[in-house]
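Peer 1: Pasted the sequence and its predicted model underneath.
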Amino acid sequence: MLKLTRYVLYDILRSKIVIAYTLFLFVVSFGFFQLEENQSKAVLSLLNIVLIVVPLISMIFTTIHYYNSYEFIELMLSQPLSRTRILLSEFTGVSLSLISGFLIGVGVPVLFFSFNSIGISLLLAGVALTLIFTSLAFLASVKSRDKARGIGMALLLWFYFALIYDGLVLLILFSFSDYPTEKLTLVLSAFNPIDLGRIFIMLQMDVSALMGYTGALYKEFFGSGNGILFTVGIMFLWIILPMFAAAKIFKNKDL
């Protein structure tokens, strides 16, 4: 498995898409830190880019890579290797390449300009989102043999988590505005990894005071030891469960 993962990683790292992704993140990150005198504001601006671009690129690149590597995967299946091992090798190689691009593109500027708890939280959230949306992309790809349908499903998932989900949550909170919904928002946040990443970083920046009572509740829960364990645990499930489902489908799929 290690040898196969190393081959996949080496092949992907030479990809122009990964290089362009790394350069884009580096230029944007460096630009924000140069334009903003307040480093916390620069991180907040960079946060909006990370929460949108990192999941989007992870989904698109992973899906395209899977379909472009289909013949290679079929060749590996002719070898005495289990399907689960092959899929996990692909996942590991893709994840490590995207994480490397993210840590170089965002991590280097953060290291020089904002190497503190806020900057580290941003990097941890970016790595977690990369793993989560790579896992979701593999699930979408494995479920569909058609490349166009697989890419469309991946984009739909990203669109749902990045845009539609927040609208649905606001609709639910507005519909039940006469009832105490603060604890409900804590539960709903667990169903969107992007929201979890956003809340985690914003609480490190101590801007929860601008969110009123709900922000205080977030601060009390997510800022505690139990809240951190809850966040890490939910993020871990978002990585494991889609990949487990993808491996199960891939194992029983007729290629």
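Peer 2: Perfect, I can see it now.
Peer 1: what sits against Lys143?
Peer 2: Counting by CB atoms under 8 Å, 6 or more residues apart in numbering, Lys143 makes contact with 150, 153, 246, 249. For the C-beta atoms, the positions are set from N, CA and C on the backbone; glycine is no exception.
Peer 1: and what of Lys253?
Peer 2: Val142.
Peer 1: Ala42 too?
Peer 2: Counted by CB under 8 Å, 6+ apart, Ala42 has contacts 32-33, 35-36, 113-114.
Peer 1: sorry, back to before: would you list the buried entries among the contacts of Lys143?
Peer 2: Neighbour-count burial (16 or more other CB atoms under 10 Å) is assigned, among the contacts of Lys143, to 150, 153, 246.
Peer 1: Could you provide those in TSV, with additional columns for pLDDT?
Peer 2: Formatted as TSV, the buried ones among the contacts of Lys143 follow (pLDDT from 0 to 100):
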residue	pLDDT
Gly150	86
Met153	90
Ala246	91
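Peer 1: Pull the helix or strand hosting Glu71 out as PDB, backbone CA atoms only.
Peer 2: Taking DSSP states H and E as the criterion, Glu71 maps to helix 70-77. Output in PDB follows, covering the C-alpha atoms of helix 70-77 (Å, rounded to 0.1, in the frame of the first residue of the first chain):
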ATOM      1  CA  TYR A  70      -9.600   4.600 -14.000                       C
ATOM      2  CA  GLU A  71      -7.400   2.600 -16.300                       C
ATOM      3  CA  PHE A  72      -4.600   2.600 -13.800                       C
ATOM      4  CA  ILE A  73      -7.000   1.400 -11.100                       C
ATOM      5  CA  GLU A  74      -8.200  -1.400 -13.400                       C
ATOM      6  CA  LEU A  75      -4.600  -2.400 -14.000                       C
ATOM      7  CA  MET A  76      -4.000  -2.500 -10.200                       C
ATOM      8  CA  LEU A  77      -7.100  -4.700  -9.700                       C
END
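Peer 1: Over that helix, what's the mean pLDDT, rounded is fine.
Peer 2: When pLDDT is averaged over helix 70-77, the result is 78.
Peer 1: which of the residues in the helix or strand just after it are buried?
Peer 2: The C-terminal neighbour of helix 70-77 among helices and strands, as given by DSSP H and E, is helix 83-102. Judged by neighbour count using 16+ other CB under 10 Å, the buried positions of helix 83-102 are 83, 86-102.
Peer 1: can you check stretch 190-197 too?
Peer 2: 190, 192-197.
Peer 1: do stretch 229-240 as well
Peer 2: So, applying 16+ other CB under 10 Å, buried residues of stretch 229-240: 230-231, 235, 238-239.
Peer 1: can you list the weak-confidence ranges in the stretch 101-250 of the chain?
Peer 2: Low-confidence segments of the stretch 101-250 of the chain (pLDDT under 70): 177-183, 205-227.
Peer 1: where exactly do the helices run in it?
Peer 2: 108-113, 117-143, 147-159, 165-175, 182-189, 193-204, 212-222, 225-252 (DSSP state H, counting those that start in this stretch).
Peer 1: Now do the residue positioned nearest the centre of the chain against Ala190, distance only.
Peer 2: The chain has Leu129 as the residue nearest its centroid, 1.8 Å off, counting by CA atoms, centre = their mean. Separation of Leu129 from Ala190 (CB to CB, to the nearest Å): 15 Å.
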